[in-house]
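Colleague: Quick one: sequence and predicted model below, then my questions.
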Amino acid sequence: MKKMLTLAAIALFGFSTSFAQTATTTTVKQAPKKAATAVKTEAKKATTTAKADVKTEAKKAEKKVESTGAKLKADGTPDMRYKENKTTKVVAPGPKKKDGTADMRYKANKEAAKKKG
């Protein structure tokens, strides 16, 4: 009986693989060389234009730095490594704790925090 079941399983497996659908392969026509080179040149133009835009933005940022005195990063945001770009802390008008931070139990410090935030 075991032999019959084994043969039946092998036969079933053989039928399932012999009738399985196979993927058809098709050849894709290649684009003419002129079209391929045109695409390449367009890509080169786009990258050079993007590079030029980045350079002009950097130059504009440098001019802003010269006029304002603040040092900026390439994207135009202030560079926080420099002292002139760091803002001074708001000094709390009321009492302070031992570590120097504002003691929020007092009304004056609460009002200053509301105005700041």
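Modeller: Here it is on my side, so go on.

Colleague: State the distance from Thr49 to Thr56.
Modeller: Distance, Thr49 to Thr56, using Cβ to Cβ, to the nearest Å: 11 Å. For every residue, glycine as well, the C-beta is placed using N, CA and C.

Colleague: Repeat that for Thr101.
Modeller: Using Cβ to Cβ, Thr101 is found at 45 Å from Thr56.

Colleague: Next: Lys86.
Modeller: Lys86 sits 28 Å away from Thr56, going by Cβ to Cβ.

Colleague: Next, work out how far apart Asp79 and Asn85 are.
Modeller: Separation of Asp79 from Asn85 (Cβ to Cβ): 6 Å.

Colleague: which residues do the two both contact?
Modeller: Lys71 (Cβ atoms under 8 Å, 6 or more residues apart in numbering).

Colleague: Distance of the residue nearest the centre of the chain relative to Val54?
Modeller: By Cα atoms, centre = their mean, the mean C-alpha position of the chain lies nearest to Asp75, the distance being 14.1 Å. Separation of Asp75 from Val54 (Cβ to Cβ): 10 Å.

Colleague: likewise Met1?
Modeller: The spacing between Met1 and Val54, counted by Cβ to Cβ, is 78 Å.

Colleague: Equivalent analysis for Lys114, please.
Modeller: The separation that Lys114 has from Val54, given Cβ to Cβ, amounts to 42 Å.
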